[in-house]
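K.L.:
I need the structure of the sequence given here:
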Amino acid sequence: MSNSGEAAAVTDEQEPRRRCLGANQNGEPCGVGPELVLDDGYCFSHSPRPGRAEKQSAAGTLGAIKAAARRRKGLDPDKLGALETAADAMRITALLTLALATGELPAAAGRAALVGLQAWLQARDQDEMERRIAELEARERRP
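P.N.:
The predicted structure is shown next:
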């Protein structure tokens, strides 16, 4: 006769590993860890419970937003430097172009920055032209 201590001595190796009943897109069994398997036998992504699809979609959207935010934080203002001259605008344009080409900066943010630079250059040119015209007019008025 065996004692009750021997009957309860079941090791983790003897218990079957809890696996998700779902399959990946390529047909292979889901590979999540046993701690992620829900009571219905599926992981969060594969669970067929009603209402789960909306939660899965929201979780996927939130995950994508967080991942994109980690990947693309924008450019460091110290790296950009001051914008006071046309040479500064050219330098910043070069930095923006490289950041866009390498994926360091999202396309929409890069386009907005380049449009802002273009507007700054136009305003600078307009200001310079108005200053020169005012100087010429002042010279013509002198006897």
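K.L.:
for the protein, which helix is longest?
P.N.:
Secondary structure assigned by DSSP state H gives helix 107-141 as the longest helix of the chain.
K.L.:
Please state the offset of that helix from the chain centre?
P.N.:
Taking CA atoms, centre = their mean, to the nearest Å, the mean C-alpha location of helix 107-141 is offset from the chain mean by 34 Å.
K.L.:
which residues of this structure score low on pLDDT?
P.N.:
1-16, 51-53, 68-72 (pLDDT under 70).
K.L.:
picking that back up, which parts of the longest helix of the chain are buried?
P.N.:
The neighbour-count check on helix 107-141 (16 or more other CB atoms under 10 Å) flags 110, 113, 117 as buried. Heads up, the C-betas are built off the backbone N, CA and C, glycines and all.
K.L.:
how about those in a markdown table, adding distance to residue 83?
P.N.:
A markdown table is the format used below for the buried residues of helix 107-141 (distance: CB to CB, whole Å):
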| residue | distance to residue 83 |
| --- | --- |
| 110 | 16 |
| 113 | 11 |
| 117 | 8 |
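K.L.:
What helices and strands are in contact with the longest helix of the chain?
P.N.:
helix 86-102 (3 or more CB pairs under 8 Å, 6 or more residues apart in numbering; DSSP states H and E).
K.L.:
For the helix it packs on, report the contacting residues that lie outside it.
P.N.:
Helix 86-102 has contacts (CB atoms under 8 Å, 6 or more residues apart in numbering) with 75, 79-83, 104-105, 107, 110, 113-114, 117, 120-121, 124.
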